[in-house]
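1. Need coordinates for the below:
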Amino acid sequence: MAAAAMRQQRQEQEASCKATEDHRSEFDAAKPPPFRIGDVRAAVPAHCWRKSPLRSLSYVARDVAVVVALAAAAWGLDSPAVWPLYWAVQGTMFWALFVLGHDCGHGSFSDSGTLNSVVGHLLHTFILVPYNGWRISHRTHHQNHGHIEKDESWHPITERLYQKLEARTKKLRFSVPFPLLAFPVYLWYRSPGKTGSHFNPSSGLFTPKERLDVIISTTCWFTMIVLLIGMACVFGPVPVLKLYGVPYVVFVMWLDLVTYLHHHGHEDLPWYRGEEWSYLRGGLTTVDRDYGWINNIHHDIGTHVIHHLFPQIPHYHLVEATKAASPVLGRYYREPEKSGPLPVHLASVLLKSLRVDHFVSDVGDVVFYQTDPSLSGDNRTGTDKHK
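-> Numbering: from 1, shown residues only. Down below sits the predicted model:
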């Protein structure tokens, strides 16, 4: 008994010493990880890769039913006390529809390209997203995530480009609510430093073979616009604004909030150029977020690291896949801060990031965000936060 107790005490001491060493050792997220993407893939259970069209369609049916029920209830009650609640909840449901269409774009909805395209067009057209135009540019984002020049969504701007922006533009870019209303502008004009439009089949975003796909989606988008105008003529602009317009704005804010926070708001997120970039290292620059009750509503999109590495995994397997892969990822996986029922804690994360994450250096193959002191309220010169 005494020998066993001594062995247990020695093991506890060794574990304590190891934990202390791990705590003291500095982790450099910019260094190449000691594992390969194949190691991460092997850790994901085989069934997590399987797609069920029926299960995917059941989520579509659920979300569409909720959207219809909410609209009917709000229209029937027509109370000033009800409309703000309706706008918040319905806008969140619009966002949930987007995520399902997003799965169609990745092919994680089903193995049928036809089913993915039909469902994706129906869902995204309803919320004024040009499905194919977005799908193609989003594919570019996943293929180049974490690359300063080649990434497509929420990529950093370089210091040289940043200095060319007007003071008003800088202020708007990093002041709430304007960054949360960026998505429609991005669809039409892309990001600063890039040209093209998700609606223009001749845009540099697309290859000649993809132009017909873009024409189809753009036609669907304008058809939805005509439908909304027709409804406004029949029922009046105010009902259409109340039932559809305001929820659409809430949806856009959800989309911009989520996509921004999965690539910002953490002190050790590197960005890469040249040979330092790889698909694995780029994917590891994404961050998971916990949204409380919203996790189930928006189909666990908060499990973003595994989604970025393996976008073919259906959303209903992402949580399990993340748990299985996190031991392999080690400290390269950043555990999300636990949320209450509603993710109010993310407001402070967003505000802090907008205050300090402004631009990256024009030189260097591994860089971190730097801060413009004129926006942050700091009288020091702009510095690399990682240093």
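
2. Can you list the low-confidence ranges for the chain?
-> 1-25, 376-387 (pLDDT under 70).

3. Identify the residues contacting residue 327.
-> Counting by C-beta atoms under 8 Å, 6 or more residues apart in numbering, residue 327 touches residue 43. For every residue, glycine as well, the C-beta is placed using N, CA and C.

4. Let me know how buried residue 31 is, in neighbour terms.
-> 11 (other C-beta atoms under 10 Å).

5. For it, which three-state class applies?
-> Three-state call for residue 31 (DSSP: H, G, I helix; E, B strand; the rest coil): coil.

6. From residue 329, how far off is it?
-> 14 Å (C-beta to C-beta, to the nearest Å).

7. for residue 214, same thing?
-> 36 Å.

8. The two: which is more packed in?
-> Remark: of residue 214 and residue 329, residue 214 carries more neighbours, 24 against 19, as counted by other C-beta under 10 Å.

9. got a list of contacts for the helix or strand the more buried one falls within?
-> Here residue 214, judged by DSSP states H and E, is contained in helix 211-235. Defining contact as C-beta under 8 Å, 6+ apart, one finds that helix 211-235 is touched by 121, 124-126, 128-134, 136, 198-203, 206, 240, 244.

10. What segments of the stretch 251-387 of the chain are strands?
-> Using DSSP state E, counting those that start in this stretch, the strands of the stretch 251-387 of the chain run over 271-272, 366-367.

11. How about residues contacting the first one?
-> Contacting residues not belonging to strand 271-272 are listed as 146-148, 155-156, 278, 281-282, 285, 360, 365-369 [C-beta under 8 Å, 6+ apart].

12. Tell me where the stretch 101-250 of the chain has helices.
-> For the stretch 101-250 of the chain, the helices defined by DSSP state H, counting those that start in this stretch cover 113-126, 131-143, 159-164, 167-173, 183-189, 211-235, 237-240, 246-261.

13. Please produce CSV containing these, extended by distance to residue 59.
-> Shown next, in CSV, are the helices of the stretch 101-250 of the chain (distance: least, C-beta to C-beta, whole Å):
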stretch, distance to residue 59
helix 113-126, 10
helix 131-143, 17
helix 159-164, 40
helix 167-173, 35
helix 183-189, 22
helix 211-235, 21
helix 237-240, 27
helix 246-261, 17
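
14. Out of these, flag the one nearest residue 71.
-> helix 246-261 (8.8 Å; C-beta to C-beta).

15. Output the contacting helices and strands for the closest one.
-> helix 83-106, helix 183-189, helix 345-356 (3 or more C-beta pairs under 8 Å, 6 or more residues apart in numbering; DSSP states H and E).

16. List the contacts of residue 40.
-> Contacts of residue 40 (C-beta under 8 Å, 6+ apart): 280, 309, 325, 328, 329.

17. go on, residue 52?
-> Per C-beta under 8 Å, 6+ apart, neighbours of residue 52: 110, 314.

18. please begin residue numbering at 14 from this point
-> Sure, I'll start counting at 14 from here, so that last one is residue 65.

19. Please report how far it lies from residue 328.
-> Distance from residue 65 to residue 328, by C-beta to C-beta: 11 Å.
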